[in-house]
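Novice: Provided below for reference: sequence and predicted model.
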Amino acid sequence: MLIALGEALALTLAMELPVAYLWRLRGRDLLLAGLVNLVTNPAVGLCHLLWPSPLLAAALELGAFAVEGFYYRRYGRNIPRPFRLSAAANGASLGLGLLLSALELRL
Amino acid sequence: MKRNLTTVLLAGLLIAYLAPPAAADVLPEFRDDFLEDHYQACTYQDRYYTLNGPEGYVSVYAAPDQALRESALLNGEEVWGAWAYTDGDGARWVGLAGEEDPAQWAFSLLGWVRETELAPHADSKTFAQQYGGTFTDLDGAFLDAFAQAETVAFWDYPHCGAEPLTWTGDEVRDWLGPEGDASRLVTACYVDAGGQTWGHVTYFYGRMDRWVCLSDPENITPDPDPTLLSLPELVPPAEELPAGAGGFSILAICLVAAVVIATAVLIPILCRRRKPKA
């Protein structure tokens, strides 16, 4: 279970940090982008493993978007449109996750 | 008044006469949340297994779609796998019957286990699982298989080796009725390596799952073939059950909670905004 959570976190960071960089986050703001994913991703991943349900997954992703957006706005030094960043980053990592799931099914 | 009483008594006797065969068709009640929610997708199978997990124990889950193990059972115990369910990934799960409520003829389900962690018994269901692809319809040459038989042997499965149940030929012919033939009794056929034809019986004075040798229905001498069914090797039970039924998952939950809380505390410290200079 821990390995699965670790892999999910690694993939999320691999996707969201580049998005944050493209959003012109630098220095502390980029660190913040990494840290907010430590707050949301393990909890979302654990809940999804324990209670697999598309409805719950959607609710968790929305919650993650809201929490990350809050952190960007509250603690970001120079983050333009923090909630849009959160939506873009989470959307990208969710899309990657769905793509990988689809590829796994095909294999 | 007297005529009505007589009618009621006769009706009661008729019902009492008919009741035993009908009662054999009734299933007990099974109490389980997952079973209730997914009844259409579950199959009643009434099958016995030996617990046979690869690590010496079997993980039991509250439902097939739960990631958190509820409990564990040591290998070697015989269990009644009353229900089966196939999940979205094609894996088969078995619902194990637990405690009985004799007052209501109801059972609770102990939980759900992966069928790969169960060793099936040598029985008709295992035979059907392994040879079902070779079953055929009843050959017309065997329609009168029971016409002259004095005894009919009903076996667990072909060449099982156990003593058969037997009925007299008259009892079988009575059941078939004056116009009936073997097609009333036999639902599928199997031809063994020796060329003998066997018929599968699923209903005979009640629900049944047995085989009759259509080529020689009167033969009651067991002729076992121990190599017929391939059964898994039994894994010895573990020294002890894993620490806490969901121990590993509780550790994962604690670690995740620790990471989330620590990071939530760290963010305001590391990412504190500088106060603008006066």
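Specialist: Nice, I can see it.
Novice: Where does pLDDT dip in the chain?
Specialist: Went with chain A since none was named. Scanning chain A for pLDDT under 70 picks out the ranges A:1, A:104-107.
Novice: try again with chain B
Specialist: B:1-25, B:67-68, B:242-249, B:273-278.
Novice: Return the biggest helix by length in it as CSV; C-alpha atoms alone will do.
Specialist: In chain B, assigned by DSSP state H, the helix with the most residues is helix B:247-270. Provided in CSV are the C-alpha atoms of helix B:247-270 (Å, rounded to 0.1, in the frame of the first residue of the first chain):
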residue,chain,number,x,y,z
GLY,B,247,-2.1,-3.8,10.9
PHE,B,248,-0.3,-2.9,7.8
SER,B,249,-3.0,-0.6,6.7
ILE,B,250,-3.2,1.1,10.1
LEU,B,251,0.5,1.8,9.7
ALA,B,252,-0.1,3.3,6.3
ILE,B,253,-2.8,5.5,7.7
CYS,B,254,-0.6,6.8,10.5
LEU,B,255,2.3,7.5,8.2
VAL,B,256,0.0,9.4,5.8
ALA,B,257,-1.5,11.4,8.6
ALA,B,258,2.0,12.2,9.9
VAL,B,259,3.2,13.5,6.5
VAL,B,260,0.1,15.6,6.0
ILE,B,261,0.1,17.2,9.4
ALA,B,262,3.9,17.8,9.4
THR,B,263,3.7,19.4,6.0
ALA,B,264,0.7,21.5,6.9
VAL,B,265,2.7,22.8,9.9
LEU,B,266,5.8,23.3,7.8
ILE,B,267,4.3,25.4,5.0
PRO,B,268,3.5,28.5,7.1
ILE,B,269,7.0,28.3,8.6
LEU,B,270,8.9,27.8,5.3
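Novice: does chain A sit close to that helix?
Specialist: Yes: against chain A, helix B:247-270 shows contacts by C-beta under 8 Å from any C-beta of the partner chain at B:248-249, B:251-253, B:255-256, B:259-260, B:263-264, B:266-268, B:270. To be clear about C-beta, it is placed using only N, CA and C from the backbone, and glycine gets the same treatment.
Novice: which of those residues are buried?
Specialist: B:249, B:252-253, B:256, B:259-260, B:263, B:267 (16 or more other C-beta atoms under 10 Å in any protein chain shown).
Novice: Compute the distance between the closest residue in space to residue B:181 that isn't next to it in sequence and chain A, please.
Specialist: Once flanking residues are discounted, residue B:181 sits nearest to residue B:143: 4.2 Å by C-beta to C-beta, 6 or more residues apart in numbering or on different chains. Separation of residue B:143 from chain A (C-beta to the nearest C-beta, to the nearest Å) stands at 49 Å.
Novice: Run a quick neighbour tally on the closest residue to residue B:28 other than its chain neighbours.
Specialist: The shortest distance from residue B:28 to any residue other than its chain neighbours is 4.8 Å, reached at residue B:105 (C-beta to C-beta, 6+ apart). Residue B:105 has 11 neighbours, counted by other C-beta atoms under 10 Å in any protein chain shown.
Novice: before we move on, what about residue B:195?
Specialist: Neighbour count for residue B:195, taken as other C-beta under 10 Å: 7.
Novice: Outside of stretch B:89-109 itself, list whatever touches it.
Specialist: Here stretch B:89-109 makes contact (C-beta atoms under 8 Å, 6 or more residues apart in numbering or on different chains) with B:28-32, B:34-35, B:42, B:45, B:47, B:49, B:60, B:64, B:79-87, B:110-116, B:118.
Novice: Alright, I will stop here.
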